[in-house]
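A.B. asks: predicted coordinates and the sequence they were generated for:
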Amino acid sequence: MTIKVGTAPDSWGVWFPNHEKQIPWERTMNEMQESGYAGFELGPWGYFPTSADVLKKETEKRNLEVVAGTVGGDFLDASVDEMMATIEEIAGLLEHFESAKYIVLLPAMYTDLETGELVMHKELTDEEWATYVKNVQRASEKVASYGLVATFHPHVDCHVETEAEIERLLNDTTSVVQLCFDTGHHIYGGGEPISFYEKHQDRIPYIHIKDCDLAVKKTMDEKGWSFAKAVTEDIMTEPGKGGIDFVEFRKALTRTDYSGWVVVEQDLFPVKSFDLPLEIAKRTRDYLSSVGF
């Protein structure tokens with residue numbers, strides 16, 4: 001069994017292709033290498049260079065592998081042409097990197113990121129669910145047409161977040177739809193990541209390592225914070241400091257002979273200081289090494 005440990009620009013406070021509060025991509029990539037990670041996700045499309053020649057030059061001189069790309073969209077929108085076009089662009093870049101096998105499908109939130117107010121219905125009708133599933137399937141088949149693996153990412157305040165919702169999605173789609181299993185989002189949504197992973201390992205080729213501080217989650221629920229506000233209160237904390245037992249999770253990966261990438265993704269937007277992510281990334285990589293990653 002071989003497990004490689006990567007990271008994502010989210011761990012450097014990157015949520016958008018461009019934002020004045022975000023660290024320049026060159027510094028982020030330098031610090032990913034300095035922290036000891038083997039590879040990274042591209043994160044928001046357009047943050048890192050989208051030219052294969054440029055990206056290859058930059059990754060090779062840092063001895064980093066490209067792991068995956070990410071595309072976000074509203075799967076309730078029957079016209080997902082924009083998402084399909086982005087998938088095509090990302091696939092055109094990833095084909096130049098042998099290590100890049102995945103495109104993460106990130107669903108839209110039903111709450112406003114900043115205010116927490118509802119922007120879509122939280123509960124879907126059967127007709128809306130059928131549209132949602134159809135579009136997830138369609139996007140996944142588009143990814144697969146390029147020889148890549150589509151991994152759907154359950155997320156905070158999305159229509160697929162809880163264990164029941166994730167299982168419904170798996171039941172209503174074919175195996176072309178795989179999961180990007182995010183441990184932090186899973187426990188945030190009330191799930192138990194170790195048992196769920198073992199139950200559905202055949203649909204989980206790709207894992208995000210994230211932790212969640214359940215005490216902050218309780219305060220968030222009591223005070224009605226938005227997700228962005230909760231992130232500034234460190235709801236997604238450093239791995240090993242939240243509610244997940246990563247020693248036991250590593251044992252579960254051993255039992256199932258998991259082989260592939262685990263990618264650290266800690267929500268930090270906006271970073272309180274540009275110097276902070278490197279300190280956290282080094283501690284996280286050391287912690288993961290100590291528990292067998």
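C.D. replies: Alright, I've got the coordinates.

A.B. asks: spatially central residue in the chain, please.
C.D. replies: Of all residues in the chain, the one closest to the mean position by CA atoms, centre = their mean is His208, 5.7 Å from it.

A.B. asks: elements contacting the host helix or strand of that one?
C.D. replies: Here His208 sits within strand 206-209, counting by DSSP states H and E. Judged by 3 or more CB pairs under 8 Å, 6 or more residues apart in numbering; DSSP states H and E, strand 206-209 is in contact with strand 177-182, helix 183-188, strand 260-264. Every C-beta, even on glycine, is put in place using the N, C-alpha and C of the backbone.

A.B. asks: now the ones you listed as JSON lines including distance to Pro154?
C.D. replies: Putting the helices and strands packed on strand 206-209 into JSON lines (distance: least, CB to CB, whole Å) gives the following:
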{"stretch": "strand 177-182", "distance to Pro154": "7"}
{"stretch": "helix 183-188", "distance to Pro154": "6"}
{"stretch": "strand 260-264", "distance to Pro154": "15"}
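
A.B. asks: possible to save these as JSON lines with mean neighbour count, distance to Gly116 and mean pLDDT?
C.D. replies: Below are those laid out as JSON lines (neighbours: other CB atoms under 10 Å; distance: least, CB to CB, whole Å; pLDDT from 0 to 100):
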{"stretch": "strand 177-182", "mean neighbour count": "25", "distance to Gly116": "20", "mean pLDDT": "98"}
{"stretch": "helix 183-188", "mean neighbour count": "24", "distance to Gly116": "14", "mean pLDDT": "98"}
{"stretch": "strand 260-264", "mean neighbour count": "24", "distance to Gly116": "26", "mean pLDDT": "97"}
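
A.B. asks: measure the nearest residue to the residue nearest to the centre of the chain once chain neighbours are set aside to Val263 for me?
C.D. replies: Leaving aside its sequence neighbours, His208 sits nearest to Asp182 (CB to CB, 6 or more residues apart in numbering; 3.9 Å). Remark: distance between Asp182 and Val263 (CB to CB, to the nearest Å) = 9 Å.

A.B. asks: shouldn't the residue nearest to His208 be in contact with Asp211?
C.D. replies: No: assessed by CB atoms under 8 Å, Asp182 is found out of contact with Asp211, at 10.5 Å.

A.B. asks: which stretches of the stretch 101-250 of the chain form helices?
C.D. replies: For the stretch 101-250 of the chain, the helices defined by DSSP state H, counting those that start in this stretch cover 126-144, 163-171, 183-188, 193-199, 214-223, 227-232, 246-255.

A.B. asks: winner for burial among those?
C.D. replies: Mean neighbour count (mean count of other CB atoms under 10 Å) peaks for helix 183-188 among the helices of the stretch 101-250 of the chain, with a mean of 24.

A.B. asks: show me what it is packed against.
C.D. replies: Using 3+ CB pairs under 8 Å, 6+ apart as the contact test, the elements touching helix 183-188 are helix 193-199, strand 206-209.

A.B. asks: recalculate using a threshold of 10 Å.
C.D. replies: helix 193-199, strand 206-209, helix 214-223 (3 or more CB pairs under 10 Å, 6 or more residues apart in numbering; DSSP states H and E).

A.B. asks: what sits up against the first one?
C.D. replies: Pointing back at helix 193-199 there. Applying CB atoms under 10 Å, 6 or more residues apart in numbering, the contact partners of helix 193-199 are 163, 166-167, 179, 181-187, 191-192, 204, 207, 210, 212, 243-246, 248-253, 255-256, 258.

A.B. asks: tell me who's in contact with the residue nearest to Ser226 when sequence neighbours are not counted.
C.D. replies: Closest residue to Ser226 apart from its sequence neighbours, by CB to CB, 6+ apart: Gly116 at 3.3 Å. For Gly116, the contact set (CB under 10 Å, 6+ apart) comprises 109, 157, 220, 223-230.

A.B. asks: and those residues, which is closest to Glu20?
C.D. replies: The closest of the contacts of Gly116 to Glu20 turns out to be Ala228 (CB to CB; 15.8 Å).

A.B. asks: what sits against that closest one?
C.D. replies: Counted by CB under 10 Å, 6+ apart, Ala228 has contacts 15, 111-116, 267, 269-270.
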